[in-house]
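K.L.:
what's the 3D shape of this:
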Amino acid sequence: MSTKRIRPAIYHYYPRGPHKNHMSMREEEYKTEVTFLPQSLKDSIYVQLFDLKFEIPPSKIFLADAKMDQGEEMEVNTSVYVEGDRAIRLELYVMQYSDEERLSNKRFMLTLNPGVNPVVEVVKQMEDAKYFKMSYKYIVETLEPTTVRFDDLYVTFR
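P.N.:
Numbers count the residues shown, from 1 in each chain. Below is the predicted model of the structure:
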């Protein structure tokens, strides 16, 4: 069993598609604060760990951190702090890759209340998987700005 501690501040986050101006970010040490700024209820706003398209592994810059260790399962353990007084919904995607392509994409639906929300999810490791990525999709239910803080991420291979 091995565990990696991942610091959000050292990674590349971006909203996918044409919605690059629909969020703002502030990184401080081990935390990344994101304010979602949707313009339409149909916006697709993603926050991604590591870089490049979802269909391919991350670039060489991130391969050492994205490398999966031996094991049958991969546990994602983190927390998300929600500011304000209303619950929000996120979709968490945990993706696994070979050297060239995505092998799996597991989705978890998260309903997060105001304050700190622990997030612990487990995925079965794919046989030929070498790397992983994660992303969060913000489910737009209001056009009001919504701020969350993504805290330290621990990934355990067992």
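
K.L.:
now do the host helix or strand of M95: everything it contacts.
P.N.:
M95 belongs to strand 88-97 when elements are defined using DSSP states H and E. Applying C-beta atoms under 8 Å, 6 or more residues apart in numbering, the external contacts of strand 88-97 come out as 54, 56-57, 68, 74, 76, 80, 82, 102-112, 119, 121, 123, 125-126, 129-139, 141, 146, 148. C-beta coordinates here come from the backbone N, C-alpha and C atoms, glycine included.

K.L.:
how about low-confidence regions in this protein?
P.N.:
Counting by pLDDT under 70, the ranges of the chain that qualify are 8-20.

K.L.:
80 instead?
P.N.:
Along the chain, the model assigns pLDDT under 80 to residues 7-21, 29-30.

K.L.:
now the strands for it?
P.N.:
Remark: strands assigned in the chain by DSSP state E are 2-6, 23-28, 31-36, 45-49, 73-82, 88-97, 102-112, 115-124, 131-138, 146-150, 153-157.

K.L.:
now those as a markdown table including distance to L63?
P.N.:
What follows is the strands of the chain, written out as a markdown table (distance: least, C-beta to C-beta, whole Å):
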| stretch | distance to L63 |
| --- | --- |
| strand 2-6 | 13 |
| strand 23-28 | 21 |
| strand 31-36 | 21 |
| strand 45-49 | 13 |
| strand 73-82 | 16 |
| strand 88-97 | 10 |
| strand 102-112 | 15 |
| strand 115-124 | 19 |
| strand 131-138 | 7 |
| strand 146-150 | 21 |
| strand 153-157 | 15 |
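
K.L.:
for my notes, please list those strands in JSON lines and give distance to F62 and mean neighbour count for each entry.
P.N.:
Converted to JSON lines, these look like this (distance: least, C-beta to C-beta, whole Å; neighbours: other C-beta atoms under 10 Å):
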{"stretch": "strand 2-6", "distance to F62": "10", "mean neighbour count": "13"}
{"stretch": "strand 23-28", "distance to F62": "16", "mean neighbour count": "14"}
{"stretch": "strand 31-36", "distance to F62": "15", "mean neighbour count": "19"}
{"stretch": "strand 45-49", "distance to F62": "9", "mean neighbour count": "22"}
{"stretch": "strand 73-82", "distance to F62": "16", "mean neighbour count": "18"}
{"stretch": "strand 88-97", "distance to F62": "11", "mean neighbour count": "20"}
{"stretch": "strand 102-112", "distance to F62": "15", "mean neighbour count": "14"}
{"stretch": "strand 115-124", "distance to F62": "19", "mean neighbour count": "14"}
{"stretch": "strand 131-138", "distance to F62": "9", "mean neighbour count": "22"}
{"stretch": "strand 146-150", "distance to F62": "16", "mean neighbour count": "20"}
{"stretch": "strand 153-157", "distance to F62": "13", "mean neighbour count": "18"}
